[in-house]
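1. Please work out how this folds:
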Amino acid sequence: MTVRLAALGALAALAACGHAPAPAPPAPPPPAAQGSGPGSAQPEPGSTDGPPPAERLAAIQKAMNELDEAAQQCWAAAATERFDIEGEIALLIDIAPAPGQGGATAKPTVVRDTAHNPGLAACLVRILAAYRWAPPLYGQAIQLPFRFRAPDGQNTIDRALVAWHGQGKVSVAVLLDENNTGSDAASMFELAIAGGGTTGPRRADRGELWYFLGAGQVRSPSGGSRAVAAGDLLYAPRGAVREVAAPAGDLHAMIVIAPGGREGAARSGALPTPEVGGGGGARPPAPLILPAAGAAAAAIPDGAFAASILTLPSGDRLAEHVHADQTELLYVLAGGGTLTVNGVALPVTATSVVQIPRNTRHALVATSEVRAVQIFTPAGPGRAKVHP
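-> Here you go, the predicted model:
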């Protein structure tokens, strides 16, 4: 028999106020979502086979409640590529008892998809196939619609969900860009170079700020060759030529580039900077290496960026404030808490990256000691308006 669910209350519907749902387990639960209200399920008219209707409806309601967080996690994974996903994905789930196994097997099939996001649909299929359906639904078929509403933008992303793409010994992950945040002020990447690999000589066509998560080497025609260690910063002004290499072991780095944009080439695995060939020409500006920033702010000479290590002890908070002319970015290294943006609370974990557009109210409360790379672009006067 088939049971059709008219509406699935609050499943994966998102608040249209510029924020993303929670990251995947083991992160805390996501903030409450907005939806069209609780759904209802009715048995097929005239059918009397199987468990009583009340038991079937209770089992469906239980599934709705338990699938809520998983469905939002599917959205969060899809939204690492683009946040403007909306529409409805309806799936028909055939639930068959598994003789001798004390359970059931489920076969979900997409029967309607107006969200047009294959990754999101595939994720829903996987979670419904793996879900442990209650016995009153054995031998039944139910149809569940998952509705999504696109927000205005996105402030937090779990980098553990971001796909890596690579060429040879160099891989790149686009953590923040215009596609997944709605902001073109800055883009953030993570770069991995396997031992013995190198980026090759490349020219910065936008200003770049690197934070090294491991040891490596930076070479440039203007500055020679220098070793870098975890915690060091590298600033490459526009036009600078630099090569980053991992001569001894694997290297990881986080990179912020301003202005940002839609980083399509990087999402395909290409480095977001052009290669430099041989030949003469004007001597390019040299990149600047700043040894481990620690807790002290590092001001970049031309004012393109300001960077520091933010440390917030457990239980402490940053009061709500606004940076009128600066975009703020956080790459969380450890700890977690709650970030509130324009009145909406968002969980932050040790794998979060954060983007706060200029002139946006925000506050942060640490539930465990937070340590993060904090970057502002442009550097600005370093003043913020604090709200009581």
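2. Quick one: residues contacting Tyr222.
-> Wrong residue type there; residue 222 is Ser, not Tyr. By C-beta atoms under 8 Å, 6 or more residues apart in numbering, Ser222 lies in contact with Ala240, Val241, Arg283, Pro284, Pro285, Ala286, Pro287. The C-beta positions use only the backbone N, C-alpha and C, and glycine is treated the same way.
3. Apply 6 Å and report the result again.
-> Arg283, Pro284, Ala286 (C-beta atoms under 6 Å, 6 or more residues apart in numbering).
4. Would you mind pointing out the helix or strand it falls in?
-> Following DSSP states H and E, one finds Ser222 outside all helices and strands.
5. ditto for Glu66
-> helix 53-78.
6. How far off centre is that helix?
-> 23 Å (C-alpha atoms, centre = their mean, to the nearest Å).
7. Who are the packing partners of it?
-> Other elements packing on helix 53-78 under the criterion 3 or more C-beta pairs under 6 Å, 6 or more residues apart in numbering; DSSP states H and E are helix 118-130.
8. if you set the cut-off to 8 Å instead, what comes out?
-> strand 2-5, strand 41-42, helix 118-130, strand 141-148 (3 or more C-beta pairs under 8 Å, 6 or more residues apart in numbering; DSSP states H and E).
9. quick check: angle from that helix to helix 118-130?
-> Between helix 53-78 and helix 118-130, the angle comes out at 140 degrees (axes from the mean of the first three to the mean of the last three C-alpha atoms, to 10 degrees).
10. Can you give me the buried ones in helix 53-78?
-> If you call a residue buried by 16 or more other C-beta atoms under 10 Å, then helix 53-78 has these buried ones: 56-57, 59-61, 63-64, 67-78.
11. What helices and strands are in contact with the helix or strand that that helix is followed by?
-> As assigned by DSSP H and E, the chain's next helix or strand after helix 53-78 is strand 87-98. For strand 87-98, the packing partners by 3+ C-beta pairs under 8 Å, 6+ apart come out as strand 103-113, helix 118-130, strand 141-148.
12. roughly how far is strand 87-98 from the heart of the chain?
-> On C-alpha atoms, centre = their mean, the centre of strand 87-98 falls 28 Å from that of its chain.
13. Kindly report the same for stretch 184-199.
-> Counting by C-alpha atoms, centre = their mean, stretch 184-199 comes out at 16 Å from the chain centroid.
14. I'd say Glu86 and Asp152 touch.
-> No. Between Glu86 and Asp152 there is no contact under C-beta atoms under 8 Å: 11.7 Å.
15. In terms of packing, which of the two has more residues around it?
-> Glu86 (17 against 13; other C-beta atoms under 10 Å).
16. List phi and psi for that one.
-> Note on Glu86: its backbone torsions stand at phi -150, psi 160 [degrees, to the nearest 10].
17. Just confirm Thr273 contacts Arg202, I think it does.
-> Yes. Using C-beta under 8 Å, Thr273 makes contact with Arg202 at a distance of 4.2 Å.
18. Now Val348. Nearest residue, chain neighbours left out?
-> Counting by C-beta to C-beta, 6 or more residues apart in numbering, Val348 lies nearest to Leu339, which is 4.9 Å off, once chain neighbours are set aside.
19. how much space between the one you found and Thr156?
-> With the distance defined as C-beta to C-beta, to the nearest Å, Leu339 ends up 6 Å from Thr156.
20. Now do the shared contacts for the two.
-> With C-beta under 8 Å, 6+ apart as the test, Leu339 and Thr156 both reach Leu346, Pro347, Val348, Val354.
21. Generate CSV for these, with pLDDT as supplementary columns.
-> Compiled in CSV, those are given as follows (pLDDT from 0 to 100):
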residue, pLDDT
Leu346, 96
Pro347, 96
Val348, 98
Val354, 98
